[in-house]
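Q: need coordinates for the following:
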Amino acid sequence: MNFYLVALLLGALVVMTGCQPTRVLNAVTPSGAYTLERDVAYGESSRQRFDIYHPTDKQHSAVVVFVYGGAWEEGDKKDFEFIGQAFTRLGYTTLIPDYRVFPEVEFPDFIDDVAVAMTTFSSRYDSAVDLILVGHSAGAHSAAMLATDNRYLGNLQEQIIALIGLSGPYDLPLEHERVGEKFSRVEGNEANPIELASASHPPTLLLHGQADTVAKPAHSERYAERLQELGVAVETHFYPRIRHVDMVASLASPLRFWSSAYSDIESYLARLEAQRQRASEQSE
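A: Next up, the predicted model:
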């Protein structure tokens, strides 16, 4: 089906139902690949809750942690059921946390919340679990911060085996009107994953739309260049015509023809799994 025709149809559904676009995607995404454990508390706030998508056909021991975007000021985990479906279909248990947002909190509190959610999950379910961080937009920035700065996760950071970033603002523009007031406590480069990255950074996959005007593709380009300088395994994919929100939407089952992002993630994770399996066999 034509890219623009589907976009128009989804737009019409949003207008007719009054729903957010992601909720429309949830409504048209097939279910059945998972069971959903809702609203597990990791703090006292109503926004300190996470959902866990358990695949009915679990194939992998690693857990995907998805951090949604929303300019650090909005977002709701229930809007991303299509993401839970996408990764459970690949055999991964998937954790999607809510976190407190501006103006209730500012940097670094929203990143701390995701870290506490991950720590709570690890201590409650499997303290030795491998973690795959996935984030979109502001969530990709938070995911990158968790991968680069060990003050958030401590020893748990060592269990991050991969970072997958979608359309992230990694070279964070603190002077931007939608950024500055949320990062007013920043000192130096403490909110810049590119500057914080080290040789111990986990293997990374960066995906970006070439038509993205919110977080421009140069963010992923600069991040990849820095990781390459450090000797970190990094892979990038840039997609023609794909805009900022299109990037995450194209992971939904009905929209995967928009880009090859989902199949690129699937292939990347399969290669990562094979590499880790070979390394495990060689160490025995």
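
Q: hang on, residue 202 packs against residue 161?
A: Yes - between residue 202 and residue 161 there is a contact under CB atoms under 8 Å: 6.0 Å. Bear in mind the C-beta positions are built from the backbone N, C-alpha and C, glycine included.

Q: these two: which has the busier surroundings?
A: Taking other CB atoms under 10 Å, residue 202 and residue 161 do not tie; residue 202 has more neighbours (21 against 16).

Q: let me know the pLDDT of that one.
A: Here, the pLDDT recorded for residue 202 equals 98.

Q: tell me which residues touch it, please.
A: 133, 147, 160, 161, 162, 163, 232 (CB atoms under 8 Å, 6 or more residues apart in numbering).

Q: which of the residues you listed sits closest to residue 238?
A: Comparing the contacts of residue 202 against residue 238 with CB to CB places residue 163 closest, at 17.2 Å.

Q: in the protein, which helix or strand is least confident?
A: Across the helices and strands of the chain, the lowest-confidence element by mean pLDDT, DSSP states H and E is helix 3-17, at a mean of 42.

Q: export stretch 177-195 as CSV, just CAs?
A: Only the C-alpha atoms of stretch 177-195 are listed here, as CSV (Å, rounded to 0.1, in the frame of the first residue of the first chain):
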residue,chain,number,x,y,z
GLU,A,177,13.7,26.4,23.6
ARG,A,178,12.3,22.9,24.3
VAL,A,179,15.5,21.7,26.0
GLY,A,180,17.0,24.5,28.1
GLU,A,181,14.5,24.8,30.9
LYS,A,182,14.5,21.1,31.4
PHE,A,183,18.3,20.9,31.7
SER,A,184,18.9,24.1,33.7
ARG,A,185,21.0,22.2,36.3
VAL,A,186,23.5,20.8,33.7
GLU,A,187,27.2,21.3,34.4
GLY,A,188,29.6,20.9,31.6
ASN,A,189,29.0,17.9,29.3
GLU,A,190,27.1,15.8,31.9
ALA,A,191,24.0,15.7,29.6
ASN,A,192,25.9,14.9,26.3
PRO,A,193,26.3,11.2,25.5
ILE,A,194,28.8,11.9,22.8
GLU,A,195,31.1,13.6,25.2
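
Q: re earlier: out of the contacts of residue 202, who's nearest residue 270?
A: Looking across these and measuring by CB to CB, the closest to residue 270 is residue 162, at 11.9 Å.

Q: how about the closest one, secondary structure?
A: Using DSSP: H, G, I helix; E, B strand; the rest coil, the structure places residue 162 in strand.

Q: which residues are contacting the helix or strand hosting residue 123?
A: Under the criterion of DSSP states H and E, residue 123 resides in helix 109-125. With contacts defined as CB under 8 Å, 6+ apart, helix 109-125 is touched by 40, 42-43, 47-48, 50, 52, 63, 65, 67, 72, 95, 97, 99-102, 105, 129, 131, 142-143, 145-146, 152-153, 156, 159.

Q: which of these are buried, as a ChimeraX select command?
A: Buried residues among those (16 or more other CB atoms under 10 Å), as a ChimeraX selection:
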select :40,42,47,48,50,52,63,65,67,72,95,97,99,100,101,102,105,129,131,142,143,145,146,152,153,156,159
